[in-house]
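In: Here is my input, please return the structure:
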Amino acid sequence: MAQISRKYNFQPGQKIRSAQVDEELDQLVTAHNEQDTILTQNVELTNLLETQVQQLQDGVVPDGTISNAMLQAGAVSYSKLTPDLQEQMDIADVASKLYLYQNAGGW
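Out: Here you go, the predicted model:
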């Protein structure tokens with residue numbers, strides 16, 4: 001949230017207009033509401049992260065992830081990957097081979 005500053009510097013004995021007071025109060029209400037939204041989002045994110053950490057500690061494997069047990073059991077293989085994921089794996093494979101070749105004195 002951006003810092004807010006006073007719009008008007010009311011002085012004792014000075015006449016003020018209600019519109020000026022409204023501007024000051026609107027600014028405070030808006031800043032408060034923005035801060036409240038940020039805090040709510042942070043609480044929700046914290047709760048989600050705490051749940052995920054607990055699941056990891058309990059050994060729960062979230063949907064869409066790959067565990068060591070799945071790899072060892074052969075449940076995950078190149079042929080079972082989607083075509084776009086196979087393409088990404090091919091690119092990563094070529095890149096890693098080039099990296100190894102370069103660092104083994106190939107260039």
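In: quick one, domains of the protein?
Out: By the assignment in automatic domain parsing, the chain contains the domains 1-61, 76-107.
In: ok, of those domains, where does mean pLDDT dip lowest?
Out: Per-stretch mean pLDDT for the domains of the chain is lowest at domain 76-107 (a mean of 79).
In: Mind checking what secondary structure the residue of the chain positioned farthest from its centre has?
Out: Here the centre of the chain is the reference, and by C-alpha atoms, centre = their mean the most remote residue is G13, at 51.0 Å. What DSSP: H, G, I helix; E, B strand; the rest coil gives for G13 is coil.
In: Secondary structure element holding the residue nearest the centre of the chain?
Out: The chain has L45 as the residue nearest its centroid, 8.6 Å off, counting by C-alpha atoms, centre = their mean. Assigned by DSSP states H and E, L45 belongs to helix 18-57.
In: neighbouring contacts of the following helix or strand past that helix?
Out: Sequence order places helix 68-72 as the next helix or strand after helix 18-57, per DSSP H and E. Outside helix 68-72, the residues that touch it by C-beta atoms under 8 Å, 6 or more residues apart in numbering are V61, V76. C-betas here are computed from N, CA, C, even on glycine.
In: Which element is encountered next along the chain beyond helix 68-72?
Out: helix 83-101.
In: Format the CA atom coordinates belonging to that following helix as PDB.
Out: Extracted C-alpha coordinates of helix 83-101, given in PDB (Å, rounded to 0.1, in the frame of the first residue of the first chain):
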ATOM      1  CA  PRO A  83       3.300 -34.700 -26.200                       C
ATOM      2  CA  ASP A  84       4.000 -31.100 -25.000                       C
ATOM      3  CA  LEU A  85       5.700 -32.400 -21.900                       C
ATOM      4  CA  GLN A  86       7.800 -34.900 -24.000                       C
ATOM      5  CA  GLU A  87       8.900 -32.000 -26.100                       C
ATOM      6  CA  GLN A  88      10.000 -30.000 -23.100                       C
ATOM      7  CA  MET A  89      11.800 -33.100 -21.800                       C
ATOM      8  CA  ASP A  90      13.600 -33.500 -25.200                       C
ATOM      9  CA  ILE A  91      14.700 -29.800 -25.100                       C
ATOM     10  CA  ALA A  92      16.000 -30.200 -21.500                       C
ATOM     11  CA  ASP A  93      17.800 -33.400 -22.400                       C
ATOM     12  CA  VAL A  94      19.600 -31.700 -25.300                       C
ATOM     13  CA  ALA A  95      20.400 -28.700 -23.200                       C
ATOM     14  CA  SER A  96      21.900 -30.900 -20.400                       C
ATOM     15  CA  LYS A  97      24.000 -32.900 -22.900                       C
ATOM     16  CA  LEU A  98      25.400 -29.700 -24.400                       C
ATOM     17  CA  TYR A  99      26.100 -28.400 -20.900                       C
ATOM     18  CA  LEU A 100      27.900 -31.600 -19.900                       C
ATOM     19  CA  TYR A 101      29.800 -31.700 -23.300                       C
END
